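K.L.:
What would the 3D arrangement of this be:
(2 chains)
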Amino acid sequence: MHTTLHHNQQEINNQLKIFIDEIKKRERSDSHLITILHKAQELNGYLSKEIMDLVAEEMQIPTSVIWGVATFYHYFKLSPIGKYNISVCMGTACYVKGASEVLETIKETLEIEIGETTEDMMFSLQEARCIGACGLAPVAMINDKIYGELNPKKIVDIINKLKEEALEEEKIVQ
Amino acid sequence: MSTVKIFINNKEYNVDSTYTIMKACDEIGIKIPRLCYHPKLSISSGCRICIVEVEGMRNFVASCSYPVSEGMKVHTNTDAIRQARKDILELILDNHPKDCNTCVRDEVCELQQLASSIGLRERKFEGVLRTPFVDASSPSIVNNHDKCILCGRCVRVCAQIQNVSAIDYANRGFNTVVVPAYNNPIAESVCTLCGQCVNICPTAALTEQNYTKDVFSLLNDKTKVKVAQIAPSVRVAIGEAFGIKPGNNMAREIVHALKLLGFDYVFDAQFSADLTIMEEASELLERLNGHGKLPMITSCSSGWMKALEQFYPELIENVSTCKSPMSMLSSVVKSYFADKIGKKPTEIANVAIMCCVAKKYEAKRPELAMEDGNPATDYVLTTRELAWMIKSAGIDFKNLKGMDFDAPLGFSTGAATIFGVSGGVMEAAVRTAYELATKSKMENIDVIAVRGNEGIKEGAININGTEIRVAVANGLGNASKLFEELKKDPNKYHFIEVMACPGGCIGGGGQPYAGIQDLPFDPKLVNERAKALYSSDEKNTIRRSHENPSIIQLYKEFFGKPLSEKSHKYLHTHYKQKFPKGILRKSGKEAK
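P.N.:
Residues are numbered from 1 along each chain as shown, chains lettered A, B, ... in the order given. Now for the predicted structure:
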C-alpha cells in the first residue's frame, strides 16, 4: 500500500480509470462500487475527496452516495495513513487484558483519536477486532508486524523506538 | 387482475393479488400507522411502525412490504400489535429531543401526531440524544440533525423523485446522519433547494430557513414602505393550514391579512407573471427567428435554476434570460413604483410570499440585486411561514372579508394564474406568443396537452404555419429524463417548461404540511390546488397576458416594449455554472 504513495496523482488516477473502465463493461456496474473504492484506496492509500469525486464522475454515481458507502465501512480510510499504521486489537481477550489502557496511552502520546494521523504523517491509529493472536493479548499490529503482551509503558517504548528508526532513515536519505 | 381471499380483522375480503397488506388495508378503509413509507418512494421497511400480525407467522410483519396471499389472516389492531407499535415508537422517541413545546413543527409535526394516534402516553426510558448540530448554511433549508429519526424519506425523495441525491446517509449505527457528500454544509452541496425534503420530513429535522422574526421586525419599522407580493400557488394552498378544504382560492383573504399585519402595499406576483410572459413570449419569437438557441427553456423555477447551474451547465444558453416573476416584481417595485410614490429603493422593503423555499436563495443572488447593491427582494416567506404569522398576530383568517390587491401592480390575467401549475407558464406563453406572432386571436386558448399531472407532457401548436413543438416537465427527476431524450434528438422541441417541484409550484417545498391523513406531494391534493387555479383562469374575463391593462400601461410609461434596453436592465439576467457539479443517474438507475 505504501509504495504507491510515491507515484504521482496523475498516474494513480489513470490506473483507477482503467480499472473502472473494465468494471463498466460488466452488467449492473453500479453494484461494484465497493470494489472500485477498494481499488482506489489501494492505489491512493486512502479515499481523498478528489479520488471520490473521480469515482463519482467516472461511474456517474452521486457523490453523496459514495460518501455514504465510504463512511459506512471501517475499512475505508478517509485521511492519509501515516508511515506506521497502529491497529489496537479490541477483541474480547485483548479487551479483558487491558487493551483500552493501551489505546488510551497511544491517543495521549500521539495526541490523535481513532482514525486520525499525526501531523508529521508518522503514525495512524485504528481499532481492530480480533486479529487471532489472543494468546499474546493485548496485541497491536503496526503495519504488518504484531506486538504482543502490551502495556502502557511497552507501547510508549515501541512508539519511541519507531520514531528513532524513522529519524535515522531520514538522515540516511539526506 | 387476479385476486386472493384474505381475512383482515376476521372479515373476508377479495383483494388484488399483487397488493401488500398495507395497500389492501388502505383500500378497505383501514389506515395502518406508518412513518418511513411513502407510496411514491421505494419501500424501505425501516421504521417498523406499520407492523401487523399474520396468523402462522412467528414475528409481526411490516405491512408496507409484505405481500398478501390466499387465505392470509391479518390482524391490525390486537393488544399485542398496539403494544408493539407503542414500544417501537417509544424507542424512536427516546433518541429524539423532548422539546415539542418550543419546536417549529409543534402542532404540525407528523411524529407528534403519530405518537398521539398510537396512544403513546408515557415514557419509560431516558435515551441518548444526538449532539445538537444545525446546518444553517443555506438561506433556504436548515438541517437540524438532532431532530432526525432517520426515516430516510428525504434521502429517497431527493434521489428517486428529483434525481439530485444531494443528501444520503453517512456513518453507521447511532452515528448515522443525513448529510450532503463529504459532510459539506448544504450551501456547498449540489442541493437545488427545491424543499421537497422539507415537505416530506416528519419532524423538524429539515425545515425552511425561517424569516418570520425579521419580517415582524420589519413591519414595525416606520422608516420603510412595506410591500408584499404573493405567488399564485400560495392562495390555493394556505387555507389548508387553517383547516380549510384544499382547492379554495383565498387571494382576497391573504391580501386582507397582509394589510392587517401592517403591509403598506400588497401586489401580486401574478401581475409580474403577465410581465414575464410579455418578455418570455417575445424572447421565444426572437429565438424562433434565428436569434438565440433553441429549444428555449423556462427560467421561473428557482430550484430548476440552481439545478441548471450545477447539473446542466451545457443548457445555460438555452434558458430564457427572463427573471422569475418574483424578481421581476421586486425590481419593478424598487424602480418604476418607487418613482411613482417618490421613494428611494432603499426606503422600500419587498417581502415575497412564495410556495417555494428555493426562492429564498434566489432573493440573495448577487446578479439579481438592484443597482445600489441591495437585494431586489428583501425577504421571502413560505406559505407555511405566512400562515404562522397570521395565526401569531391573532388574525381571524377564516372570517376575513377579503380585500383587493393594490394598483398598479396587483392586476393580473387568467394566464398568470396558471403559472402555479405544471404546464401553466407554457400555456400562458403560447397564448401570447401565438397572438403576437400571428396578429390574430387564438381560437381555443386552453392548451389541454400541457395540462394534467403527468411528469412529462408534450404538445404542438401551429404558429404562422410552423409547428412549434413543446414539452413540459415537473419534478427534477422528470426533467432529467426529458433532457436525456433531448440529448438524443436536440431538435425535438422548440420550447420546454421545467418546474423543479412535482406538480409545479402548487406542489412547492414551501406549501403547508400535509395533515396526518394526507400525503406530501399527493397527486389528489395537488390536483385540488390545480383545479382552483384553472377555475380562476376560466372565470377571469382577461385570459391573455398582453391584454392586461396594467401591463400595457407599464410598458407605455416605463419599459417601452418587451426586450427593450430598460427591460433587459430590470427584467433579465444571466446564469453561470456553479460547483460542485451534480451527477445525474441515468433513468432506470435511480437509487433504491
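K.L.:
And the strands in the stretch 151-300 of chain B?
P.N.:
B:167-170, B:177-180, B:206-208, B:225-230, B:265-268, B:296-297 (DSSP state E, counting those that start in this stretch).
K.L.:
what does the stretch 401-550 of chain B give?
P.N.:
Counting by DSSP E, counting those that start in this stretch, the strands of the stretch 401-550 of chain B are B:456-463, B:466-474, B:495-499.
K.L.:
For the second one, which helices and strands make contact with it?
P.N.:
So that's strand B:466-474. Strand B:466-474 is packed against helix B:424-438, strand B:456-463, helix B:476-488, strand B:495-499, with contacts defined by 3 or more CB pairs under 8 Å, 6 or more residues apart in numbering or on different chains; DSSP states H and E. Heads up, the C-betas are built off the backbone N, CA and C, glycines and all.
K.L.:
Could you point out which of these sits nearest residue B:48?
P.N.:
helix B:476-488 (27.9 Å; CB to CB).
K.L.:
helices and strands around that closest one, which ones?
P.N.:
helix B:302-311, strand B:456-463, strand B:466-474, strand B:495-499.
K.L.:
so it versus strand B:466-474, what angle?
P.N.:
Angle, helix B:476-488 to strand B:466-474, by axes from the mean of the first three to the mean of the last three CA atoms, to 10 degrees: 140 degrees.
K.L.:
So which bits of helix B:476-488 are buried?
P.N.:
Neighbour-count burial for helix B:476-488 flags B:476, B:477, B:478, B:479, B:480, B:481, B:482, B:483, B:486 (criterion: 16 or more other CB atoms under 10 Å in any protein chain shown).
K.L.:
Show me what from chain A comes close to chain B.
P.N.:
A:30, A:49, A:52-53, A:56-57, A:60-68, A:71-72 (CB under 8 Å from any CB of the partner chain).
K.L.:
Which of those fall in helices?
P.N.:
A:49, A:52-53, A:56-57, A:63-68, A:71-72 (DSSP state H).
K.L.:
number of nearby residues for residue B:374?
P.N.:
Residue B:374 is flanked by 13 other residues according to other CB atoms under 10 Å in any protein chain shown.
K.L.:
how close does the closest residue to chain A within the stretch 451-592 of chain B get to residue B:384?
P.N.:
Across the stretch 451-592 of chain B, no residue is closer to chain A than residue B:583, which sits at 4.9 Å (CB to the nearest CB). To residue B:384, residue B:583 is 31 Å away according to CB to CB, to the nearest Å.
K.L.:
Which strands and helices lie in contact with the lengthiest helix in chain A?
P.N.:
Longest helix in chain A, counting residues (DSSP H): helix A:152-173. If you count contacts as 3+ CB pairs under 8 Å, 6+ apart, helix A:152-173 packs onto helix A:99-110, strand A:140-142, strand A:145-147.
K.L.:
And it, what's buried?
P.N.:
Quick answer for helix A:152-173 (16+ other CB under 10 Å): A:152, A:154, A:155, A:158, A:159, A:162, A:166.
K.L.:
For these, work out which two are farthest apart.
P.N.:
Between any two of these, the greatest separation by CB to CB is 21.6 Å, found for A:152 and A:166.
K.L.:
ok so, going back, most tightly surrounded among the helices and strands packed on helix A:152-173?
P.N.:
strand A:140-142 (a mean of 21; mean count of other CB atoms under 10 Å in any protein chain shown).
K.L.:
Could you check how many residues crowd around residue A:69?
P.N.:
Neighbourhood size, residue A:69 [other CB under 10 Å]: 20.
K.L.:
so what's it up against?
P.N.:
A:33, A:34, A:37, A:76 (CB atoms under 8 Å, 6 or more residues apart in numbering or on different chains).
K.L.:
if we can go back for a sec, mind picking the two most distant members of the ones in helices among the residues of chain A next to chain B?
P.N.:
Comparing all pairs in those by CB to CB, the longest separation belongs to A:57 and A:72, at 21.1 Å.
K.L.:
Which pLDDT value goes with the residue lying farthest from the centre of chain A?
P.N.:
In terms of distance from the mean C-alpha position of chain A, residue A:27 ranks first, at 30.7 Å (CA atoms, centre = their mean). Confidence at residue A:27, expressed as pLDDT, is 89.
K.L.:
Equivalent analysis for residue A:6, please.
P.N.:
Listed pLDDT for residue A:6 reads 49.
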